[in-house]
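Participant: could you work out the structure for the sequence below:
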Amino acid sequence: MIYEVLNTPKKLDTAMLDKAVSFACDYLGLDVDLTIEFESLKRHQCGFCDYDDDEVIVTIAKRLSLREMLVTLFHEMIHVHQYASGRLEHGSKWLGKVYKLSLIHI
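Facilitator: Numbering: from 1, shown residues only. Now for the predicted structure:
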């Protein structure tokens with residue numbers, strides 16, 4: 001696994017992030033090239049991931065607390081696993097069936 005981090009918030013210790021990413025990849029059996037970026041997202045968004053055959057980008061909201069960032073990271077890593085295993089596809093397709101997205105406001 002190779003990963004890079006963009007726009008790391010000051011409140012996030014890089015050693016802690018390294019441990020969290022390594023744990024998630026080991027636990028989920030992932031061997032992917034990963035970019036984690038911290039961005040300003042809309043109030044209702046905590047994070048999301050984009051996946052294609054050779055790159056994974058996990059985006060996490062910078063405004064979150066440290067705990068929320070880590071929870072969001074693990075949540076998005078589950079989606080990375082789902083993409084990598086072919087169960088989740090772009091366009092909200094889960095196990096071959098298209099689902100309508102709804103937003104959850106936090």
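
Participant: which strand or helix spans the residue minimising distance to the centre of the chain?
Facilitator: Centroid-nearest residue in the chain: residue 76, 3.2 Å away (criterion: CA atoms, centre = their mean). Using DSSP states H and E, the element containing residue 76 is helix 66-84.

Participant: from residue 7, how far off is residue 42?
Facilitator: Computed as CB to CB, to the nearest Å, the residue 42 to residue 7 distance reads 17 Å. Placement of C-beta: from N, CA and C, glycine included.

Participant: and the two? Which one has more around it.
Facilitator: Set residue 42 next to residue 7 and count neighbours by other CB atoms under 10 Å: residue 7 wins out with 12 against 8.

Participant: wait, what's in contact with the closest residue to residue 77 other than its chain neighbours?
Facilitator: Spatial nearest neighbour of residue 77, excluding adjacent residues (CB to CB, 6 or more residues apart in numbering): residue 24 at 4.1 Å. Neighbour list for residue 24: 30, 73-74, 77 [criterion: CB atoms under 8 Å, 6 or more residues apart in numbering].

Participant: and the buried ones among those residues, selectable in ChimeraX?
Facilitator: The buried residues among the contacts of residue 24 can be selected in ChimeraX (16 or more other CB atoms under 10 Å) with this line:
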select :30,73,77
